[in-house]
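# sequence and predicted structure are below.
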Amino acid sequence: MKHVAFGGRLVMLGLGSIGQGVLPLILSHIDMPRDRITIVTADARGGAVASELGIRVLVQPIDRQNLRDVLAPLLEAGDFLLNLSVDVSSVALIELCRAAGALYLDTCIEPWAGGYTDPTLTPSQRSNYALRESARALAVPGGQLPTAIVGHGANPGLVSHFVKQALLDVARDTGAGGEAPATQAGWAALAQRLGIQAIHIAERDTQVGGIAKRRGEFVNTWSIDGFVGEGCQPAELGWGTHEGALPADGRRHEFGCDAAIYLMRPGASVRVRSWTPLEGPFHGFLITHNESISIADYYTVRDGDAVRYRPTVHYAYHPCDDAVLSIHELAGRNWQMQPTQRLMMDEIGSGMDELGVLLLGHERGAYWYGSRLTIEEARRLAPHNNATSLQVTAAVMAGMVWAMEHPSRGLMEADELDHARVLDIMRPYLGELVGVYSDWTPLQDRARLFPEDLDRAQPFRFSNIRV
C-alpha cells in the first residue's frame, strides 16, 4: 500500500542496520522513483543491500567542514533528508534543510563526533536534555517552515504514540473515557486526571543467536555505536511532581524547561525495576533517551510558571543477553569500547522484542501497552530486519509519511504528531499489539531476604524503583 506520493528527492544519511532495514519499507509505502534516492554513508557497509534495491550510494563521511559542500547540492525545496547517521549534528542538518526548504527526520538528536563523551563539557552540557534544548531552540511558533521531525524511531518515537493509546485505554477502562484530546494541554490534563505518576519505556529483548559473545567483543541487535554512546551519557529521567527529594547523585539543569534531572553516573551503570507482561518483573538499564524528557515535558500541567503536575518518565531497558554481558565488560574497561563489535542479524535463531510503555499509579495500578514482535515475524514482514530494527524502521517510515502529508509544520517531536494516523501506518509491522493490566509495584517481594528502607506510602517514587 502506498501511503503517500512524493515528488521530491530523498537523501538518506547513513546505511547501518536501520538504513538497510528502512529502505524496503520506503520503497513499499512511499510512491517515488528509485533514481531520486541517494544514500550518503561514511563507509561501504550496507552497499550490497542498496545495490540489490537499485539505490545510488555515495561513500563520504560527513563532518563540520564538508557538511554543506557534500549535502547542499543534493537538497532543494521539497526534498527530504532522512538522517540515520551517528556523529553528525542534527541541529546543523536541520538548519541546512531549513535553508534549502527540505523536510527532515531523524531517530535521535545527535551531536558532532565526541559530543556524548567530551570531557571538557559538564554532564549537563552533554546530556540528551541539552541536545533537546538545542533542537527546540529552532522551533518557531506559528511559522510555516519545512517540517523537521526529531526523534522518531522506536524510542524515541513509537513509544510516544503508545503513551497516548495507553492513556485512552486506561481512561476507557476506569470510566474516565471520552474523545482523544486535541491539544497538549488536554493530554496533560488527562494524564493528571487518571493519576499517572510514572511512565516507564519498558523493553525486554530476548533475541539469541547461535554464536556466543566472545571476550573483547560487543554484541547487540541494533547500532552498537549508538547504544554505547548513549550508555556513556549521564542517566536521565523526567522528574515527576509526586517525587520527594532528589537522589543523592541527582542534579537539575540550570537552563531549559526543567522537566528532567540527570544522575552523576553513566546510564549503562544504573538499573531500575520494571515490568513487562511476558518477562514479568526485571531489572533494566536507565539509558538516557530523548523521550524521557519530551514525554515528561509534554504531559506537564502548568498554572502560569508553576508546575502542578508531571509524571516521572524513564527508559527501563533489558537488551538481549549478549548485550548485557557486553555492557558488563564495557564497564569493566572503564567505558572504553571493546576492539570487536558484532551486530546480530542473520544469526538470530529465536526471540522477540517486547517494547512498550508502563503507566503506573492510576486506579488499576499498572498498565503496559506495546508491541511483541518475534524474529520470525520480523523476517516474514520485511527483509534486512530483526525484531528490534523493524520496530525502529516502521516508525521511521511512518514519520516520513506524516511529514510528507504535513510539509509545513516546522520542528516537531513525536508527542506532537497525530498518534492514531502514525500507529495506523506502523501497525502491520509491530507484531502483536497488546495492553495488559498488572498489580505489580516495585515493592513486590522486597525486604523478604534483607531489610530495605522503602517508601511504602508512595510505591512509584523513583527511590523505590532504582536498584
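Great, that's in hand.

# where in the stretch 201-350 of the chain is pLDDT low?
Within the stretch 201-350 of the chain, not a single segment meets pLDDT under 70.

# and residue 267, what are its phi and psi?
For residue 267, the backbone dihedrals are phi -60, psi -30 (criterion: degrees, to the nearest 10).

# count of residues packed around it?
Using other C-beta atoms under 10 Å, residue 267 is surrounded by 26 other residues. Every residue, glycine included, has its C-beta placed from N, CA and C.

# the helices in the stretch 351-467 of the chain, which residues?
Assigned helices in the stretch 351-467 of the chain, in chain order: 375-381, 387-405, 419-426, 462-465 (criterion: DSSP state H, counting those that start in this stretch).

# is it possible to get JSON lines of these that adds mean pLDDT and distance to residue 110?
Converted to JSON lines, the helices of the stretch 351-467 of the chain look like this (pLDDT from 0 to 100; distance: least, C-beta to C-beta, whole Å):
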{"stretch": "helix 375-381", "mean pLDDT": "98", "distance to residue 110": "25"}
{"stretch": "helix 387-405", "mean pLDDT": "98", "distance to residue 110": "15"}
{"stretch": "helix 419-426", "mean pLDDT": "98", "distance to residue 110": "22"}
{"stretch": "helix 462-465", "mean pLDDT": "98", "distance to residue 110": "27"}
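
# tell me which of these is the most buried.
Mean neighbours per residue, mean count of other C-beta atoms under 10 Å, is largest over these for helix 387-405, with a mean of 26.

# could I have the CA atoms of that helix written out in CSV?
What follows is helix 387-405, C-alpha atoms only, in CSV (Å, rounded to 0.1, in the frame of the first residue of the first chain):
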residue,chain,number,x,y,z
ALA,A,387,12.6,-7.7,15.7
THR,A,388,14.4,-4.7,17.2
SER,A,389,15.2,-2.9,14.0
LEU,A,390,11.7,-3.4,12.5
GLN,A,391,10.1,-1.5,15.4
VAL,A,392,12.5,1.4,14.5
THR,A,393,12.3,1.2,10.7
ALA,A,394,8.5,1.1,10.7
ALA,A,395,8.4,4.2,12.9
VAL,A,396,10.9,6.0,10.6
MET,A,397,8.8,5.2,7.5
ALA,A,398,5.6,6.3,9.2
GLY,A,399,7.2,9.5,10.4
MET,A,400,8.3,10.2,6.9
VAL,A,401,4.8,9.7,5.6
TRP,A,402,3.4,12.1,8.2
ALA,A,403,6.0,14.7,7.3
MET,A,404,5.1,14.4,3.6
GLU,A,405,1.4,14.8,4.4
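
# give me the angle between that helix and helix 419-426.
For helix 387-405 against helix 419-426, the angle by axes from the mean of the first three to the mean of the last three C-alpha atoms, to 10 degrees is 120 degrees.

# for helix 387-405, the distance to its chain's centre please.
Distance, stretch centre to chain centre, for helix 387-405: 12 Å (C-alpha atoms, centre = their mean, to the nearest Å).

# I'd like the helices of the stretch 351-467 of the chain laid out as JSON lines, including distance to residue 172.
Formatted as JSON lines, the helices of the stretch 351-467 of the chain follow (distance: least, C-beta to C-beta, whole Å):
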{"stretch": "helix 375-381", "distance to residue 172": "28"}
{"stretch": "helix 387-405", "distance to residue 172": "24"}
{"stretch": "helix 419-426", "distance to residue 172": "14"}
{"stretch": "helix 462-465", "distance to residue 172": "27"}
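
# between those, which gets nearest to residue 175?
helix 419-426 (21.9 Å; C-beta to C-beta).

# appreciated, that's everything.
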